[in-house]
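In: Okay, predicted coordinates and the sequence, questions at the end:
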Amino acid sequence: MLDGRPDELRSLHQCLAGAVGGFSAVVLSRVRPAEARYSEPGADAKDLSLGRASRHDRSVPPVAADLLTSLLREVSRSFYLTLWILPRPVRRPIGLAYLLARATDTIADSEWVPVTERLGALDALRDRILGRRMEPLDFSRLAAGQVNPSKLVNPVTPAEGVLLRRVEEAIAALEGMPDADAAEIRGVLTTITGGQELDLRRFGQVRPGDVRALATAAELDDYTYRVAGCVGEFWTRICRTHLYPSLALDDGKMRADGVKLGQGLQLVNILRDLPRDLRTGRCYMPADALARMGLVPADLLKPENEARVWPLYSEWVIRAESHLAAGWAYVTALPRGQVRMRLACAWPVLLGVMTLQRLKAGGVLDPSRRIKVSRSDVRAVMWATVWRLMFGRAWDRLDAWARSR
């Protein structure tokens, strides 16, 4: 939703560091002791950055610590803000899972490499993650082999190239994690890579100029679960274990809402990126629904067909809104003393809500129009969430505030 550059993200981080610490102390003074027990009052601003190893990271070998700090910041783009604000006990497992998922995603998106080679690389990395392969991996060709990157839809960035070259260090960091956390990371990455593999098999062999669509809504629902919904489950379990293991929560509802939160964010990306995906031969609008409207996937390449496809597109906007509403219920169900968790979950949900509002304005098939929230919107979301932390009802209404922007 926002493609932030690392220097701008660091500036936002520095502006918010002191504010979050101060507001955290105020909020924690207003919550019940049982909630505050698992939170982090008065965190030192210097220890907030993912660019430095915190006291929880000092057991990590120096090379791995660098991997989980500065390189993670470079490859995570706007999601860095969410990773940065996470409570320290969950930063390492969530950050490492993100880093490995970014590596698998970079492999899947290396469009200058034949599909069979990408599938083989994905399979090899998955086996390495799961401990089924002992031989070290060498992805230097994937990291440096792109030709004419300016003509590619998803060129590998310099930071992603570094990540591919250093993927063995990420594997070593995984092997050094506590068994329970490592098992959670391996589980979620198995699901994610399964979704990436399916996506490559469906769309990887599409000839230039052709467009292939998912067959049904069920396939789209399955895809969004595999690449994003499962992350909500992983996130929920990791945070439950490390942050509030004894609090009374409706765990079943939290997991279900966490899944919808992830799926909602992925749907926002799909709806926003529709024109770009179409030009790479991918259509995530279900083919059976398009056929009922007298359309074929290639018709969506023509911006003048927007009026014809708009009813179907609107259905998926409504689906995404429903998922994000469940995601907001997830946010408000988090313990009030978990200030950092609330912010980490609130920011992507609210930015997703704002992006959907912009998509409703139209122009969704126009490849020259990139629909996204602005940097000023991101700052507005951050400040709106921070100052409302101490006001329960004002915080609960933030989703309505985002819809009005």
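Out: Received the coordinates, thanks. Numbers count the residues shown, from 1 in each chain.
In: all helices of the stretch 151-300 of the chain, in order?
Out: Ranges of helices in the stretch 151-300 of the chain, per DSSP state H, counting those that start in this stretch, are 158-165, 167-175, 179-203, 217-224, 230-242, 251-272, 274-278, 287-292.
In: can I see the domain layout of the protein?
Out: Under the assignment automatic domain parsing, the domains of the chain span 49-182+189-204, 208-405.
In: weakest of those domains by average pLDDT?
Out: Between those, the one with the least mean pLDDT is domain 49-182+189-204; it has a mean of 85.
In: For this protein, which residue is located at the greatest distance from the centroid?
Out: G294 (34.2 Å; CA atoms, centre = their mean).
In: Please report how far that one lies from I238.
Out: As judged by CB to CB, to the nearest Å, G294 and I238 stand 46 Å apart. Heads up, the C-betas are built off the backbone N, CA and C, glycines and all.
In: Could you do E160 as well?
Out: E160 is 24 Å from I238, by CB to CB.
In: So which elements touch whatever helix or strand W316 lives in?
Out: Here W316, judged by DSSP states H and E, is contained in helix 306-333. Helices and strands touching helix 306-333, by 3 or more CB pairs under 8 Å, 6 or more residues apart in numbering; DSSP states H and E, are helix 251-272, helix 287-292, helix 339-359, helix 398-403.
In: mind checking which of the helices of the stretch 151-300 of the chain is nearest D123?
Out: Smallest distance to D123 across the helices of the stretch 151-300 of the chain (CB to CB): 7.7 Å, for helix 179-203.
In: Let me see the contact set for F139.
Out: 107, 121, 164-165, 167 (CB atoms under 8 Å, 6 or more residues apart in numbering).
In: Closest to V206 out of those residues?
Out: Nearest to V206 among those is I107, at 18.4 Å by CB to CB.
In: What's the separation between the closest one and M177?
Out: 22 Å.
In: Mind checking which of these two has more residues around it?
Out: Between I107 and M177, I107 has the larger neighbour count (other CB atoms under 10 Å), namely 27 against 18.
In: Please report how far the more buried one lies from L220.
Out: From I107 over to L220 the distance is 23 Å, taken as CB to CB.
In: do V349 as well
Out: 20 Å.
In: got it, and V211?
Out: To L220, V211 is 15 Å away according to CB to CB.
In: Repeat that for K302.
Out: 22 Å.
In: got it, and W347?
Out: For W347 relative to L220 (CB to CB), the value is 25 Å.
In: Now do the contacts for R272.
Out: Taking CB under 8 Å, 6+ apart, we find R272 in contact with 1, 355, 359, 371-372.
In: So K302 and L220 - more neighbours on which side?
Out: Neighbour totals were compared for K302 and L220, and L220 leads with 22 against 12 (other CB under 10 Å).
In: Spatially nearest residue to the more buried one, not counting backbone neighbours?
Out: Closest residue in space to L220, ignoring its immediate chain neighbours: L214 at 5.2 Å, by CB to CB, 6 or more residues apart in numbering.
In: so which helix or strand takes in the residue nearest to S110 when sequence neighbours are not counted?
Out: Excluding the flanking residues, the one nearest S110 by CB to CB, 6+ apart is L142, at 5.3 Å. Per DSSP H and E, L142 falls inside helix 140-144.
In: which other helices and strands contact that helix?
Out: By 3+ CB pairs under 8 Å, 6+ apart, helix 140-144 packs against helix 158-165.
In: Mind listing what's buried along the helix it packs on?
Out: Neighbour-count burial for helix 158-165 flags 159-164 (criterion: 16 or more other CB atoms under 10 Å).
In: how about CSV for these, with distance to P114 added?
Out: CSV is the format used below for the buried residues of helix 158-165 (distance: CB to CB, whole Å):
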residue, distance to P114
A159, 24
E160, 19
G161, 19
V162, 23
L163, 21
L164, 17
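In: Just the C-alpha atoms of stretch 111-120, please, in CSV.
Out: What follows is stretch 111-120, C-alpha atoms only, in CSV (Å, rounded to 0.1, in the frame of the first residue of the first chain):
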residue,chain,number,x,y,z
GLU,A,111,10.7,-13.6,-13.9
TRP,A,112,13.9,-13.7,-16.0
VAL,A,113,14.5,-17.3,-14.7
PRO,A,114,12.7,-20.2,-16.3
VAL,A,115,9.7,-21.4,-14.3
THR,A,116,11.1,-24.9,-13.8
GLU,A,117,14.3,-23.4,-12.3
ARG,A,118,12.3,-21.2,-10.0
LEU,A,119,10.1,-24.2,-8.8
GLY,A,120,13.3,-26.2,-8.2
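In: OK, contacts around the nearest residue to G204 once chain neighbours are set aside?
Out: Leaving aside its chain neighbours, G204 sits nearest to V115 (3.5 Å; criterion: CB to CB, 6+ apart). Shown in contact with V115 (CB under 8 Å, 6+ apart): 200-201, 204-205.
In: List just the nearest of the residues you listed to V268.
Out: Distance to V268 across the contacts of V115 (CB to CB) is lowest for L200, with 22.3 Å.
In: Tell me the spacing between that closest one and Y223.
Out: On the measure of CB to CB, L200 and Y223 end up 12 Å apart.
In: cool, and P335?
Out: 32 Å.
In: cool, R141 as well?
Out: 28 Å.
In: neighbour count winner among those two?
Out: Y223 (21 against 13).
In: Let me see the contact set for the spatially closest residue to that one that is not a sequence neighbour.
Out: Among residues not flanking Y223 along the chain, G195 sits closest, at 5.9 Å (CB to CB, 6+ apart). The contact partners of G195, by CB under 8 Å, 6+ apart, come to 223, 225-227.
In: I appreciate the help and will end here.
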